[in-house]
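Participant: Attaching a predicted model along with its sequence, questions to come.
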Amino acid sequence: MYHATSVIELRQYVQHWKEHGQSIAFIPTMGNLHAGHMSLIEKGQSLCDRSLCSIFVNPMQFGPNEDFNHYPRTLDSDFEQLEAIGCNLVYLPTASELYPEGLEKISQVQVTDLTDYYEGAHRPGHFTGVATVVLKLFNIVKPDVSVFGKKDYQQYRVISKMVADLNLDVQIIGQETTREASGLAISSRNQYLDPEQTGKAALINQLLRDCAGQINEGERDFKAVEARAVNRLDEAGFKTDYFKICNAETLLPASAENRNLVILVTAGLGETRLLDNIEISLW
Ligand code: PAF
């Protein structure tokens with residue numbers, strides 16, 4: 001596996017592959033890689049000749065009281081997993097090259113509408129930080145395909161909208177969430193949970209599946225479904241930020257006519273916020 005830290009170095013590898021007619025799948029990450037990331041890389045490998053993964057803990061997408069400084073940085077284990085899966089190149093950008101004049105001076109990408117609610121409302125500036133760094137990375141790497149986990153469903157939709165709105169020449173693929181046997185969505189932040197919380201956390205996915213089942217069976221009182229789910233989370237000791245049945249495209253509250261839905265949930269357990277979702281197709 002090749003390593004690149006500068007834009008010039010990275011572009012040399014990419015240019016070489018492109019000159020040989022090879023397509024490139026790009027998987028941007030913040031490191032601390034796990035089975036979920038590996039499934040994104042495998043997806044990219046199934047679609048393109050070369051796979052390229054970036055690891056960059058992007059300061060621009062963290063709020064002042066968030067875990068930027070404590071975000072787990074595990075490069076040795078990351079490299080091992082990437083080697084084992086046959087990733088062709090790992091790109092390790094430096095903050096000084098991506099943000100040469102600091103975060104305050106960088107031009108910003110603001111994706112409209114989709115960023116106003118849920119994680120956008122809870123974490124002001126978060127999606128601007130994500131969209132800005134992802135656009136920069138796309139412009140540096142110029143991939144054919146880029147794979148995003150549907151675990152961060154709103155992020156996946158925000159990036160897809162940015163690509164459509166700005167006519168970017170890259171295909172965005174949403175990859176299904178990788179789960180523990182309990183149904184818990186695999187996430188870097190799961191390591192903040194103690195064993196009791198890890199057991200409890202599986203309730204989120206159980207509830208999502210229960211609610212999807214009710215909707216598939218004809219339940220259309222979405223508000224009642226949401227209220228029952230929030231109750232069950234509250235009773236189990238979660239602090240629910242939102243549990244919303246949405247139109248899967250716009251992420252606005254779903255109406256009874258919508259055919260493609262997604263239920264988005266974020267619930268806190270101790271100090272950890274857990275995100276999950278389930279898509280529902282009503283045909
Ligand atoms: O999902 C993530 O890990 C990050 O938000 C991303 C897409 C790598 C941008 O920093």
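Facilitator: In hand now; what should we look at? Numbering: from 1, shown residues only.
Participant: helix, strand or coil for Ile280?
Facilitator: Three-state assignment for Ile280 (DSSP: H, G, I helix; E, B strand; the rest coil): strand.
Participant: from memory it sits against Ile215, does it?
Facilitator: Yes: contact status for Ile280 versus Ile215: in contact at 5.6 Å, counting by CB atoms under 8 Å. The way it works is simple: take the backbone N, C-alpha and C, and place the C-beta from them, glycine included.
Participant: Spell out which residues are contacts of both of these two.
Facilitator: Residues touching both Ile280 and Ile215 comprise Leu261, with contact defined as CB atoms under 8 Å, 6 or more residues apart in numbering.
Participant: Which residue is the nearest non-sequential neighbour of Leu92?
Facilitator: Once its chain neighbours are removed from consideration, Leu92 has its nearest residue in Thr5; the separation is 4.9 Å (CB to CB, 6 or more residues apart in numbering).
Participant: surely that neighbour meets Pro93?
Facilitator: Yes: proximity of Thr5 to Pro93 meets the contact threshold set by CB under 8 Å, at 7.2 Å.
Participant: Who has more neighbours out of these two?
Facilitator: Neighbours per residue, other CB atoms under 10 Å: of Thr5 and Pro93, the larger number sits with Pro93, 22 against 13.
Participant: mind listing what the more buried one touches?
Facilitator: Counting by CB under 8 Å, 6+ apart, Pro93 touches Thr5, Val7, Ser54, Phe56, Leu137, Ile140.
Participant: Out of those residues, name the two that are farthest from one another.
Facilitator: Of all pairs drawn from the contacts of Pro93, the widest gap by CB to CB lies between Thr5 and Leu137 and measures 13.7 Å.
Participant: list the helices and strands the worst-scoring helix or strand of the chain on mean pLDDT packs on?
Facilitator: The least trusted helix or strand in the chain, going by mean pLDDT, DSSP states H and E, turns out to be helix 119-122, with a mean of 95. Judged by 3 or more CB pairs under 8 Å, 6 or more residues apart in numbering; DSSP states H and E, the packing partners of helix 119-122 are helix 126-141, helix 153-165.
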